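Asker: Following is a predicted model, sequence given first.
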Amino acid sequence: MKIGVLALQGAFAEHEAMLGRLGVEHFQIRQKEDLCVPMEGLIIPGGESTAIGKLMDSLDMMSELRERIGAGLPVFGTCAGMILLAKDVENDSRRFLQLMDICVKRNAYGRQLGSFFTEDEFAGKRIPMTFIRAPYIERAGDGVEVLSAVGGHIVAARERNMLVTSFHPELGEDTTVHSYFIENMVRKA
Ligand SMILES: NC(=O)CC[C@H](N)C(=O)O
């Protein structure tokens, strides 16, 4: 099994380290040609959604990524990755892959002071959660399963082959979310 990690901008190295810890083979996707490498899953990291989206466009990767994920490739988007996958963004005119039936709010906790750490439930298990200028899900369609809600806001969800978190599980030691993705979504795809 091999996971592709979109490595255009943001926290991709931390996702790679986490996959390494789980003993999962992975590689970086830096250009369109890298999408030819066979992969069983894809991670879109956190960072700056506008920057990652622009690079996806200028590197001509947007439509192929949209097609592959739309066809069922398991994908895990953290933070900016959540924004990139969302069909709708409440407080921004930019839209990116528009695949997941969620409406997200960018920088939902405030721009500068919006970073914090907490512990809460993900799929019924209590885990550490690091939020960095994070979005949250304002509205989710009927086909979307809520996996975490913190303070009344949805911060982790799944729709079919797509998993998103507002927080950054790649920044801590806890492997719960990555294991969930690998075991429940990639291996069962
Ligand atoms: N940590 C993150 O990925 C932050 C996301 C960023 N605020 C954005 O809107 O793209």
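Answerer: Yes, it's here.
Asker: What residues sit buried inside stretch 63-72?
Answerer: 65-66, 69 (16 or more other Cβ atoms under 10 Å). Every residue, glycine included, has its C-beta placed from N, CA and C.
Asker: So for that stretch, mean pLDDT?
Answerer: Averaged over stretch 63-72, pLDDT sits at 98.
Asker: Please enumerate residues in contact with it?
Answerer: The contact list for stretch 63-72 (Cβ atoms under 8 Å, 6 or more residues apart in numbering) reads 32, 35, 42, 56, 75, 85, 97-99, 160-162, 189.
Asker: where's it relative to the chain centroid, distance-wise?
Answerer: Remark: stretch 63-72 is offset 15 Å from the chain centroid, using Cα atoms, centre = their mean, to the nearest Å.
Asker: go on, stretch 156-174?
Answerer: 6 Å.
Asker: which parts of this protein sit against the ligand?
Answerer: 46-49, 79-80, 83, 106-107, 132-134 (Cβ under 6 Å from any ligand atom).
Asker: which stretches of the protein form strands?
Answerer: Assigned strands in the chain, in chain order: 2-6, 25-29, 41-44, 75-78, 86-89, 100-105, 116-122, 125-131, 136-140, 145-150, 153-159, 162-165 (criterion: DSSP state E).
Asker: tell me what the fourth one is packed against?
Answerer: Looking back up the chat, that one is strand 75-78. strand 41-44, helix 80-85, strand 162-165 (3 or more Cβ pairs under 8 Å, 6 or more residues apart in numbering; DSSP states H and E).
Asker: Check the first one too.
Answerer: With contacts defined as 3+ Cβ pairs under 8 Å, 6+ apart, the packing partners of strand 2-6 are helix 12-21, strand 25-29, strand 41-44.
Asker: Compare the ones you listed and give me the one nearest residue 156.
Answerer: strand 41-44 (14.6 Å; Cβ to Cβ).
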